[in-house]
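Enquirer: Return atomic coordinates for the entry below.
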Amino acid sequence: MSTLTLTNVKKTYDGNITAVHDFSLSIHDGEFVVFVGPSGCGKSTTLRMIAGLEEITAGSIEIGGRRVNDVHPKDRDIAMVFQNYALYPHMSVYKNMAFGLMLRKMPRADIRKRVEAAAHTLGLHELLERKPKALSGGQRQRVALGRAIVREPKVFLFDEPLSNLDAKLRVTTRTELKNLHQRLKTTTVYVTHDQEEAMTLGDRIVVMSAGHIQQVDTPLNIYRKPINRFVAAFLGSPPMNFLNGTLHEETGGTGLVFDFADAPPLRMRDEDRVHLQPHVGRAMVMGFRPSAMSETPVGRYAGRGNALRLRTEVVEPLGDLIDVSCTTPKGQHVIARVTARPDFPVARDIEFHLDMDHVHIFEPGEFGRNVLRA
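Expert: Down below sits the predicted model:
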């Protein structure tokens, strides 16, 4: 069993600077888990504590049911792939991949078998005699992956391994990583600040901020049901739109509306009333993805008070779609992602329709709770 369990793990520097707060997480055997968050959120520090490269201040780390707090990194049965590849420049590809096994005094025949198998998997079999300087960035990254694979560890640890690659190569290598994990089924922890990598690679995503876990869930659930405004803003491109307003009872008390004060109010879904009723009369924040907007009525509430009149400012063509930057009459910024057309008006007031099935209501503040979806 290659489970990985972190229980109340904490990392403090110089006695008073806490990089990771009370981090608890159970990673299943064969699971691919991605730590994502902005720079300085503690994701790489957590990874290094799992690897044993950083001592933990408090808590417990278990790999395969074995407590490893005081176990040397080389004895934890993990393999780590770094951002800078960390290849030996004077060694061939073969020797770079085999070096760790040589240190373990593994029989040469077994070493060759493992290296050749990994080289075949990664498309490196024709490059085994080359030195790193004769390789492209993508090939070097694959050598670093191969060096980890041949060890057949319990856990793979990846620390932003694709950040040095160009955009096209990142996509290709990301696909290779996904295919590789599906074949090997090795428990994997992957650190990145790139939300697209997190969404496409992870079985589950751990969103972090300032050393705290904000949310742990599948990529789709995090995208559709962000637990707070930070998570909602961090995942998604373009980012989620946020509009400030107030929840009010509809005239006659038949429903609830979200009042922007500078535009006609939007009627909320009847089935959400039980969640929203405690917040009536309060200042709240409405969130919705750019893709939840349309030039024509959309969703079950089409034509029932779900239109926003916005001033278009900039149009960005994306092929079949366009991103339209807009403002409300009071200057709140909104991006709409809609079907492309060559004559889309700029510097005009346009009515956009919002699919109320994809609307979130947050409490105020950067980490305001999602009162509707969480």
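Enquirer: check contacts around Pro38.
Expert: His193, Ser209, Phe234 (Cβ atoms under 8 Å, 6 or more residues apart in numbering). (Each C-beta comes from the backbone N, C-alpha and C, glycine too.)
Enquirer: Kindly apply the preceding question to Val207 instead.
Expert: Val207 is in contact with Val36, Gly37, Ile213, Gln214, Gln215, Val216, Ile222, Phe230, Val231, Phe234, Leu235, counting by Cβ under 8 Å, 6+ apart.
Enquirer: One more: Asp194?
Expert: By Cβ under 8 Å, 6+ apart, Asp194 lies in contact with Val36, Leu162, Ser163.
Enquirer: Over to the residue of the chain most remote from its centre. Which of the three states is it?
Expert: What lies farthest from the middle of the chain is Gly252; by Cα atoms, centre = their mean that is 43.6 Å. Of the three states, Gly252 takes coil according to DSSP: H, G, I helix; E, B strand; the rest coil.
Enquirer: Distance check, it against His275.
Expert: The gap separating Gly252 from His275 is 21 Å, by Cβ to Cβ, to the nearest Å.
Enquirer: mind checking how far Gly42 is from Asn221?
Expert: Taking Cβ to Cβ as the measure, Gly42 falls 22 Å from Asn221.
Enquirer: So for those two, which sits in the more crowded spot?
Expert: Neighbours were counted for Gly42 and for Asn221 using other Cβ atoms under 10 Å; Gly42 has more, 22 against 15.
Enquirer: tell me the domain ranges of this protein?
Expert: If you go by automatic domain parsing, the domain ranges for the chain are 4-234, 241-362.
Enquirer: Just send those domains back as CSV, with mean pLDDT and distance to Arg369 too.
Expert: Output for the domains of the chain, formatted as CSV (pLDDT from 0 to 100; distance: least, Cβ to Cβ, whole Å):
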stretch, mean pLDDT, distance to Arg369
domain 4-234, 91, 5
domain 241-362, 88, 7
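Enquirer: Pick out the residue nearest the middle of the protein.
Expert: Centroid-nearest residue in the chain: Ala198, 3.4 Å away (criterion: Cα atoms, centre = their mean).
Enquirer: So which residues make contact with the helix or strand where it lies?
Expert: If you go by DSSP states H and E, Ala198 is part of helix 195-201. For helix 195-201, contacts defined as Cβ under 8 Å, 6+ apart pick out 32, 34, 36, 162, 170, 174, 177-178, 190, 192, 205, 219, 223, 234-237.
Enquirer: Return the distance of the helix or strand hosting Val115 from the chain's centre.
Expert: Applying DSSP H and E as the criterion places Val115 in helix 108-122. Put simply, helix 108-122 sits 33 Å off its chain's centre (Cα atoms, centre = their mean, to the nearest Å).
Enquirer: got the buried residues for it?
Expert: Going by neighbour count (16 or more other Cβ atoms under 10 Å), the buried part of helix 108-122 is Ile111, Arg114, Val115, Glu116, Ala118, Ala119, Thr121, Leu122.
Enquirer: Other residues contacting stretch 130-148?
Expert: Stretch 130-148 has contacts (Cβ under 8 Å, 6+ apart) with 79-82, 85-93, 96-97, 99-100, 115, 118-119, 121-124, 127, 156, 161-162, 164-166, 169, 172-173, 176-177, 180.
Enquirer: Please read the previous query as pertaining to stretch 277-284.
Expert: For stretch 277-284, contacts defined as Cβ under 8 Å, 6+ apart pick out 244-249, 256, 258, 361-364, 371.
Enquirer: same thing with stretch 14-33?
Expert: Outside stretch 14-33, the residues that touch it by Cβ under 8 Å, 6+ apart are 1-13, 42, 45-46, 49, 59, 181, 185-190, 201-206, 211-213, 216.
Enquirer: try 6 Å this time
Expert: Stretch 14-33 is contacted by residues 1-9, 11-12, 42, 45-46, 181, 185, 187-189, 202-204, 211-212 when judged by Cβ atoms under 6 Å, 6 or more residues apart in numbering.
Enquirer: Can you give me the buried ones in it?
Expert: Thr18, Ala19, Val20, His21, Phe23, Leu25, Ile27, Gly30, Glu31, Phe32, Val33.
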